[in-house]
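Student: Below are the sequence and a predicted model for it; my questions follow.
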Amino acid sequence: MKTVFKILKTLFFRRKEYDVSFTKEENDRWYVDFPGWPLSHDNLEMVAGADDLLDYLSMGHRHIQLRVRVSNNDIPSTGVKLTKDHSRLTQGAFYNVVNGGRTKRLWLCPVTLCVLGRYPKYIIIETHRIN
């Protein structure tokens, strides 16, 4: 029930900016920090390119907090910009990542809906804190 409430809260009180943290655990896999997540911890794992992006942004550290800005309009970026390619509600979303003139594709799982409330057209990611 808590998860349903969190999803509804995120859907109805959409913000444009979020602080999201990730931890690289002992198995060398990245997981989004989502206190109180009632389902399998495996659902929080960053895979299919998201893990590579976190490796790049973390500069070898095992914990990173990111400032995430979302928009349905193209906005100027000082960070890494993700542009949605396509999405399906229960199957996640594919994004193209542009950073320094290089483009890479990554997949974000449906947990994104619990964190951001949607699959936005644009996601701007800036490193907030590394430790």
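Tutor: The structure has been received and is ready for your questions.
Student: Which secondary structure state does Thr103 sit in?
Tutor: At Thr103, secondary structure determined by DSSP: H, G, I helix; E, B strand; the rest coil is strand.
Student: pretty sure Asp55 belongs to a helix, no?
Tutor: Yes - with three-state DSSP as the criterion, Asp55 is assigned to a helix.
Student: any idea of the pLDDT on it?
Tutor: We note a pLDDT of 84 for Asp55 in this prediction.
Student: swap in the one 4 residues further on?
Tutor: Taken from the predicted model, the pLDDT recorded for Met59 is 83.
Student: I'd like the distance from it to Arg69, if you could.
Tutor: According to CB to CB, to the nearest Å, Met59 stands 21 Å off from Arg69. In short, each C-beta sits where N, CA and C put it, glycine included.
Student: neighbour-wise, which of these two wins?
Tutor: Arg69 (18 against 9; other CB atoms under 10 Å).
Student: Tell me what that one is bridged to.
Tutor: Glu17, Ile124 (DSSP bridges).
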